[in-house]
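A structural model of the following input is requested.
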Amino acid sequence: MGIIQKGSSLSTAYLIIGIMLGFVTSGLLLPNYFTEEQNGVITLLSSYYLIYSQLALIGLHTTVIRFYPHFKNDENRHHGFLTMMSLVIAFSLILFSFLFFTSQYLYPNFFGNSPLFIKHYWLVFPLTVFTVYFYLFDAYYSASLKGSRGFFLKDVIQRILILIAVVAFIVWKFNFDRFILIYCAAVCVPTTIFMITLLREKQFAFKPSLNHLYADNWKYMTKVSGYSLLLGISWVAINNLDAIMIEKMLDMKQAGIYGRNMFFGILVSIPYRAIHKISSGVISNSFKEGDLANVKSVYYKSSLNLTIIGAFILGGIWLNIENIYHIIPTSYEAGKYVILFIGLGNFFMMMGGVNTAVISFSPYYRWNTIFVGILLPLVVVNNLIFIPIWQITGAAVATALSVFLYNLMMYIFLIKKYKLQPLNIKYLFVFLISAIAFLAARYIPIMGSFILDILVRSTCFTLLFCGLTFAFKLSTDINDVANIVLSKVGIVKKNK
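Numbering: from 1, shown residues only. Okay, here's the model as predicted:
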């Protein structure tokens with residue numbers, strides 16, 4: 001886990017900064033200074049462009065990570081690999097643009113019931129174009145084990161720009177139409193910076209060498225891209241269809257309430273992104289070299305570490321659930337259990353570790369698509385069943401159930417194909433420690449100030465959870481990091 005630990009440490013630092021920025025923006029300002037309908041527009045724009053970007057990406061992000069080791073050659077800019085992939089994306093976007101504008105012309109009211117959203121729906125197109133190229137460039141850097149760059153641009157730079165746009169809207173009180181344009185421009189900035197950086201680093205070969213490497217790998221690359229396309233569309237749809245279906249079945253206001261509450265539940269999975277991205281390049285190289293022992297090590301450690309981290313974050317959020325509605329308007333409290341079930345769904349994903357990456361870069365990569373293909377109709381059916389019964393909470397239940405089943409299928413598959421089974425007695429200790437820390441902090445008397453209540457309750461939970469996890473040595477990686485931190489502050493002596 002050496003490379004992963006170093007890479008994910010920097011990525012995690014960016015993610016922590018991003019979490020703080022996102023909390024100020026999505027947790028404080030958007031709910032308090034924007035209407036529920038305006039929040040719904042922001043949520044739905046994100047849902048649509050994330051789904052469309054996977055469609056236009058045609059699975060090339062996985063192909064780039066998988067085949068980069070085959071084309072790697074610094075002297076001739078990797079045989080023009082990035083240039084060729086960028087050209088393929090350009091052709092894909094031409095087809096996408098035709099479909100997008102044709103569908104918008106023929107079915108103008110199909111994509112939303114809110115006049116405010118329909119008015120801004122066209123912005124989905126530029127957001128999709130820039131997001132597709134961001135995914136491509138980010139995959140290229142991840143394949144070369146520089147995945148932290150994407151986190152810096154997306155989680156720090158972009159969030160700072162969005163925060164500036166939100167503050168400007170609040171201070172100068174300009175209309176929402178102008179704000180949404182500035183918001184979308186902020187989303188596009190990371191791709192622009194990526195492009196400039198790649199040009200300065202001379203990663204593009206404007207005369208790519210069309211040698212035997214393309215001929216030898218093209219058929220396999222096309223197959224991988226096809227399966228990855230289906231996987232990407234299905235997975236993103238599973239995570240974004242809920243908001244779209246809420247708007248269709250309820251209204252834009254409910255979609256806005258759902259989107260703001262969903263932010264807190266998504267916090268559980270933030271560390272997963274860092275570890276999964278860094279691990280993808282390592283696992284891809286390990287399969288190429290036939291190093292299954294390293295694949296096993298990465299999978300086992302990621303599962304345990306992410307389970308510990310996920311339990312800590314989910315416990316901390318639910319412990320302070322009442323305090324959240326002192327921070328955001330009480331009108332959003334209708335989505336209280338959205339936080340719980342979205343958080344649980346993300347916790348199930350954390351427990352699976354980097355199982356998706358293991359299957360995606362193995363000879364059995366097509367099974368990932370099959371699993372998600374089964375879940376996509378299931379999540380639609382679950383939403384159709386649960387939304388009428390439990391409203392926006394029903395959508396969160398549908399998502400959590402889908403993610404659980406998806407990870408269960410992958411867990412069973414990896415046992416059968418590779419005999420990889422990461423669960424052991426340590427996971428039971430994680431649950432016991434979580435329960436002890438949660439209950440001890442939960443029964444602290446309610447403080448008069450909600451800020452003081454958060455500080456006292458969270459401090460108690462953190463000390464118990466982290467102290468017991470460290471004492472029982474559940475994870476060597478976490479203990480190593482803890483020892484480094486403790487030695488720097490002089491609590492423990494540095495090992496010589």
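
tell me the SS of Phe96?
Three-state call for Phe96 (DSSP: H, G, I helix; E, B strand; the rest coil): helix.

contacting residues around it?
Residues in contact with Phe96, defined by Cβ atoms under 8 Å, 6 or more residues apart in numbering, are Tyr52, Leu55, Ala56, Thr128. All C-beta spots, glycine's among them, are computed from the backbone N, C-alpha and C.

OK, contacts around the second one?
It stands for Leu55. Going by Cβ under 8 Å, 6+ apart, the list of residues near Leu55 reads Phe96, Leu229, Ile233.

separation between the first one and Leu230?
Phe96 sits 16 Å away from Leu230 when distances are taken as Cβ to Cβ, to the nearest Å.

can I get the contacts of Leu55 in CSV with distance to Arg260?
Listed next are the contacts of Leu55 as CSV, based on distance: Cβ to Cβ, whole Å:
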residue, distance to Arg260
Phe96, 30
Leu229, 31
Ile233, 26
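
between the residues you listed, which is nearest Thr192?
Nearest to Thr192 among the contacts of Leu55: Phe96, at 19.7 Å, using Cβ to Cβ.

pLDDT wise, what is the closest one at?
For Phe96, the pLDDT comes out at 91.

how far away is it from Leu55?
Phe96 is 7 Å from Leu55, by Cβ to Cβ.

what's the first helix or strand after the helix or strand bottoming out on mean pLDDT in the chain?
Ranking every helix and strand in the chain by mean pLDDT, DSSP states H and E puts helix 2-22 at the bottom, with a mean of 68. Once helix 2-22 ends, the next helix or strand along the chain (criterion: DSSP states H and E) is helix 30-33.

contacts for the host helix or strand of Ile162, please.
Assigned by DSSP H and E, Ile162 belongs to helix 158-172. With contacts defined as Cβ under 8 Å, 6+ apart, helix 158-172 is touched by 18, 21-22, 24-25, 29-30, 33-34, 174, 176, 179, 182-183, 185-187, 189-190.

go with 7 Å
With contact meaning Cβ atoms under 7 Å, 6 or more residues apart in numbering, helix 158-172 is reached by 18, 21-22, 24-25, 29-30, 33, 179, 182-183, 186-187, 189-190.

just give me the neighbour total for Leu423.
Counted with other Cβ atoms under 10 Å, residues neighbouring Leu423 total 14.

any idea which element the nearest residue to it once chain neighbours are set aside lies in?
Of all residues not flanking Leu423 in the chain, Ser303 sits nearest, at 7.7 Å (Cβ to Cβ, 6 or more residues apart in numbering). Using DSSP H and E, Ser303 sits within helix 292-319.

can you pull the buried residues of that helix?
Buried residues in helix 292-319, counted by 16 or more other Cβ atoms under 10 Å: 294-296, 298-319.

before we move on, what about stretch 375-385?
Going by 16+ other Cβ under 10 Å, stretch 375-385 has these buried residues: Leu375, Leu376, Leu378, Val379, Val380, Asn382, Asn383.

in TSV, list these along with secondary structure and distance to Asn407.
Formatted as TSV, the buried residues of stretch 375-385 follow (DSSP: H, G, I helix; E, B strand; the rest coil; distance: Cβ to Cβ, whole Å):
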residue	secondary structure	distance to Asn407
Leu375	helix	10
Leu376	helix	15
Leu378	helix	14
Val379	helix	14
Val380	helix	19
Asn382	helix	16
Asn383	helix	19
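
what is the nearest of those to Tyr365?
Leu375 (16.9 Å).

my read: that closest one touches Ser402, true?
Yes - contact criterion Cβ atoms under 7 Å: Leu375 and Ser402 qualify, at 5.1 Å.

list the contacts for Gln54?
With Cβ under 7 Å, 6+ apart, Gln54 has these contacts: Gly232, Ile233, Val236.

give me that answer again for 8 Å
Leu229, Gly232, Ile233, Trp235, Val236.

which helix runs longest in the protein?
helix 212-249 (DSSP state H).

now that one, how far from the chain's geometric center?
Distance of helix 212-249 from the chain centroid (Cα atoms, centre = their mean, to the nearest Å) equals 15 Å.

next, the buried residues of it.
Buried, per 16+ other Cβ under 10 Å, within helix 212-249: 213-214, 217, 221, 224-225, 227-249.

which other helices and strands contact it?
With contacts defined as 3 or more Cβ pairs under 8 Å, 6 or more residues apart in numbering; DSSP states H and E, helix 212-249 has these neighbours: helix 36-57, helix 60-71, helix 77-106, helix 252-266, helix 366-390, helix 392-418.

point out where the stretch 251-400 of the chain drops to low pLDDT.
Along the stretch 251-400 of the chain, segments meeting pLDDT under 70 are nowhere present.

then the stretch 51-200 of the chain?
For the stretch 51-200 of the chain, the ranges with pLDDT under 70 are 69-79, 108-112, 145-147.

what packs against the host helix or strand of Thr191?
According to DSSP H and E, Thr191 maps onto helix 176-200. Here helix 176-200 touches helix 36-57, helix 115-120, helix 124-143, helix 148-151, helix 158-172, going by 3+ Cβ pairs under 8 Å, 6+ apart.

could the ones you listed go into TSV alongside distance to Ser280?
TSV is the format used below for those (distance: least, Cβ to Cβ, whole Å):
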stretch	distance to Ser280
helix 36-57	15
helix 115-120	34
helix 124-143	6
helix 148-151	12
helix 158-172	21
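
out of those helices, nearest to Gly394?
Among the helices and strands packed on helix 176-200, helix 36-57 comes nearest to Gly394, with 16.8 Å by Cβ to Cβ.

quick one, domains of the protein?
2-423, 427-496 (automatic domain parsing).

just name the most buried of those domains.
Greatest average neighbour count among those goes to domain 2-423 (a mean of 19), per mean count of other Cβ atoms under 10 Å.

tell me which residues are up against stretch 250-263.
The set of residues external to stretch 250-263 that reach it, using Cβ under 8 Å, 6+ apart, is 22, 26-27, 30-31, 35-44, 46, 112-114, 116-117, 242-244, 246-247, 328, 331-332, 334-336, 338-339, 342, 387, 391-392, 395-396.

put the alpha carbons of it into PDB.
Provided in PDB are the C-alpha atoms of stretch 250-263 (Å, rounded to 0.1, in the frame of the first residue of the first chain):
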ATOM      1  CA  LEU A 250     -43.200  14.800  -6.600                       C
ATOM      2  CA  ASP A 251     -41.900  18.300  -7.500                       C
ATOM      3  CA  MET A 252     -38.800  20.400  -7.800                       C
ATOM      4  CA  LYS A 253     -39.000  21.600  -4.200                       C
ATOM      5  CA  GLN A 254     -38.700  18.000  -2.900                       C
ATOM      6  CA  ALA A 255     -35.800  17.400  -5.300                       C
ATOM      7  CA  GLY A 256     -34.100  20.500  -3.700                       C
ATOM      8  CA  ILE A 257     -34.700  19.200  -0.200                       C
ATOM      9  CA  TYR A 258     -33.400  15.800  -1.200                       C
ATOM     10  CA  GLY A 259     -30.300  17.200  -2.800                       C
ATOM     11  CA  ARG A 260     -29.200  19.300   0.200                       C
ATOM     12  CA  ASN A 261     -29.800  16.400   2.600                       C
ATOM     13  CA  MET A 262     -28.000  14.000   0.300                       C
ATOM     14  CA  PHE A 263     -24.900  16.100   0.700                       C
END
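
thanks a lot, see you next time.
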